[in-house]
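Chemist: Kindly generate the corresponding structure for this input.
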Amino acid sequence: MQTLGFLARGLVLGFSIAAPVGPIGVLCIRRTLAEGRAVGLASGLGAAAADGVYGALAAFGLTAVTGLLVDQQLWIRLAGGAFLLYLGITTFLARPAESAARAAGAGVASAFGSTFALTLTNPMTILSFVAAFAGLGLAGGASSPADAVALVFGVVLGSGAWWLLLSGLVSSLRERFDARRMRWVNRLSGAVIAGFGVLALASLAINRRE
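Modeler: This next block holds a predicted model:
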């Protein structure tokens, strides 16, 4: 029963961390509209998998790895900010497809891999998990390996549930977007994603001055 409690906590935690709309959310929405539900969902699941990695570090109490990530956050965030900026510009300039794209394996894998890497380049995610675990009375990690596994599994399921819900809702509206509207979707989402990249790079410059 205790293990089920850890699973439930992980579900709530994963859903609540995934739900706030940031660059990954914008990217998931845009890809769902442009390339279909499968690609949009794969994008979200890439982020969910990365959440699982960081959740595992916190759940198993791997403080050495957590400390290393925090110490190297300058270079990690620099890579993430540059990636966001590049992704935003290419999205802004992307031309709407003439016909609906098929969810080919390569497209799904690429969508998953890109958001997995992008989420991992945000070391503040691990701090979010550490803080959340501390709030749950788990500052030193879960009490046993089984509880830690249940907690991480719950995080991935909770995060994945959010992306399944989001991609499903957006997919239901897809037929309403013609080429003209998709052009504006590309421009708006590209500008937002690039804006997140600029903010990330600007925050690094401000931190260095301080």
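
Chemist: going forward, measure contacts between C-alpha atoms and count neighbours the same way
Modeler: OK.

Chemist: which residues touch residue 152?
Modeler: For residue 152, the contact set (CA atoms under 8 Å, 6 or more residues apart in numbering) comprises 7, 10, 52, 55, 56, 59.

Chemist: could I get the strand or helix carrying residue 43 in CSV with only the CA atoms?
Modeler: Per DSSP states H and E: residue 43 is located in helix 37-59. Provided in CSV are the C-alpha atoms of helix 37-59 (Å, rounded to 0.1, in the frame of the first residue of the first chain):
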residue,chain,number,x,y,z
ARG,A,37,-1.4,14.0,-33.0
ALA,A,38,1.2,11.2,-33.1
VAL,A,39,4.1,13.7,-33.6
GLY,A,40,2.7,16.1,-31.1
LEU,A,41,2.3,13.3,-28.5
ALA,A,42,5.8,12.0,-29.2
SER,A,43,7.1,15.5,-28.5
GLY,A,44,5.4,15.6,-25.1
LEU,A,45,6.5,12.1,-24.3
GLY,A,46,10.1,13.1,-24.9
ALA,A,47,9.7,15.7,-22.2
ALA,A,48,8.0,13.1,-19.9
ALA,A,49,11.0,10.8,-20.3
ALA,A,50,13.3,13.6,-19.4
ASP,A,51,11.2,14.4,-16.4
GLY,A,52,11.5,10.7,-15.5
VAL,A,53,15.3,11.0,-15.6
TYR,A,54,15.4,14.0,-13.4
GLY,A,55,12.8,12.5,-11.1
ALA,A,56,14.9,9.4,-10.7
LEU,A,57,17.9,11.5,-9.7
ALA,A,58,15.8,13.1,-7.0
ALA,A,59,14.0,9.9,-5.9
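
Chemist: On the pLDDT front, check residue 36 for me.
Modeler: As predicted, residue 36 sits at a pLDDT of 87.

Chemist: Could you do residue 139 as well?
Modeler: pLDDT, read off for residue 139, is 51.

Chemist: same thing with the one 5 residues further on?
Modeler: In the prediction, the pLDDT value recorded for residue 144 is 73.

Chemist: on that earlier part again, narrow the contacts of residue 152 to just the buried residues.
Modeler: Buried subset of the contacts of residue 152 (neighbour count, 16 or more other CA atoms under 10 Å): 7, 10, 52, 55, 56, 59.

Chemist: Check whether the third one really touches residue 153, as I assumed.
Modeler: Yes. Taking contacts as CA atoms under 8 Å, residue 52 lies within contact range of residue 153: 7.4 Å.

Chemist: ok, back up a step: which helices and strands does the helix holding residue 43 pack with?
Modeler: helix 2-18, helix 23-35, helix 63-71, helix 105-120, helix 124-135, helix 145-171 (3 or more CA pairs under 8 Å, 6 or more residues apart in numbering; DSSP states H and E).
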